[in-house]
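> With the sequence up front, the predicted model follows.
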Amino acid sequence: MQVLIMRHGHAVSKNSDDIVRPLSNIGRNESRKMARWLHTQSANIERVLVSPYLRTKQTLHIVQAYLTLPNDHEVLIELTPNGNCKIVSCYLWTLANQGVNQVLLISHLPLVAHLVQDLCSGEQAPIFNTSTITRVDLDVMNGNGKLCWTVAPSQLLRKLGEY
């Protein structure tokens, strides 16, 4: 199973309740750029998991404008910044064992970094700048995860031109 792990876009300063901090204009632009790029990668997302925080839901809303996603998504309390990555990891392995092929997960630091390390034994977590997407492949047959790639919005400008 492919797991696309995305950190939400850049959010406004922490002068309000963290749960309701919205995306900034930069965050909306980053998320659009990444969604357009992900569209070129032939994404066939079957399940969407998202944190209950406003900025992750806004990131998902932007991604939905560019990708064909399932009609509904799962909002998981475990996907908050200090959520339980072990529970999330177990859930992803369960989905993989059920035959789900591709999942999009939108969450926060530090959870996204801990999740990659938990899924990919021995791997160093990539740097998760805002709107960064990492692909992890879960191999059900031998029970391990493989970190395949990480792409940040700034890399798209340098490598692929404007998205």
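Happy to help now that I have it. Residues are numbered from 1 along each chain as shown.

> what's across from the closest residue to residue 128 other than its chain neighbours in the sheet?
Leaving aside its chain neighbours, residue 128 sits nearest to residue 7 (4.5 Å; criterion: Cβ to Cβ, 6 or more residues apart in numbering). Glycine gets a C-beta too; all of them are placed from N, C-alpha and C. Assessed by DSSP bridges, residue 7 has beta-bridge partners residue 107.

> Now do the helix-or-strand element of the chain with minimal mean pLDDT: distance to the chain's middle.
Ranked by mean pLDDT, DSSP states H and E, the helix or strand of the chain with the weakest confidence is helix 153-155, at a mean of 92. Mean C-alpha position of helix 153-155 versus that of the full chain (Cα atoms, centre = their mean, to the nearest Å) differs by 15 Å.

> Kindly report the same for stretch 49-69.
10 Å.

> Equivalent analysis for stretch 48-58, please.
That offset, for stretch 48-58, works out to 10 Å (Cα atoms, centre = their mean).

> Use 9 as the first number for this chain going forward.
Got it, first residue is 9 now, which makes that one stretch 56-66.

> Look up how far residue 140 lies from the closest residue to residue 134 other than its chain neighbours.
Spatial nearest neighbour of residue 134, chain neighbours left out: residue 158 (4.0 Å); criterion: Cβ to Cβ, 6+ apart. Applying Cβ to Cβ, to the nearest Å, the value for residue 158 to residue 140 is 6 Å.

> Comparing these two, which shows the higher neighbour count?
Comparing residue 158 with residue 140 by other Cβ atoms under 10 Å, the one with more neighbours is residue 140, at 22 against 18.

> CA atoms only for stretch 81-92 - export them in PDB, please.
Taking Å, rounded to 0.1, in the frame of the first residue of the first chain, the C-alpha atoms of stretch 81-92 are listed here in PDB:
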ATOM      1  CA  HIS A  81     -12.700  11.300   4.600                       C
ATOM      2  CA  GLU A  82     -11.900  10.100   8.100                       C
ATOM      3  CA  VAL A  83     -11.100  12.700  10.800                       C
ATOM      4  CA  LEU A  84      -8.900  11.100  13.400                       C
ATOM      5  CA  ILE A  85      -8.000  12.700  16.700                       C
ATOM      6  CA  GLU A  86      -4.800  10.600  16.600                       C
ATOM      7  CA  LEU A  87      -3.600  12.800  13.700                       C
ATOM      8  CA  THR A  88      -3.200  15.900  15.900                       C
ATOM      9  CA  PRO A  89       0.400  17.300  16.400                       C
ATOM     10  CA  ASN A  90       1.100  15.200  19.400                       C
ATOM     11  CA  GLY A  91      -1.200  12.300  18.500                       C
ATOM     12  CA  ASN A  92      -0.400   8.700  18.900                       C
END
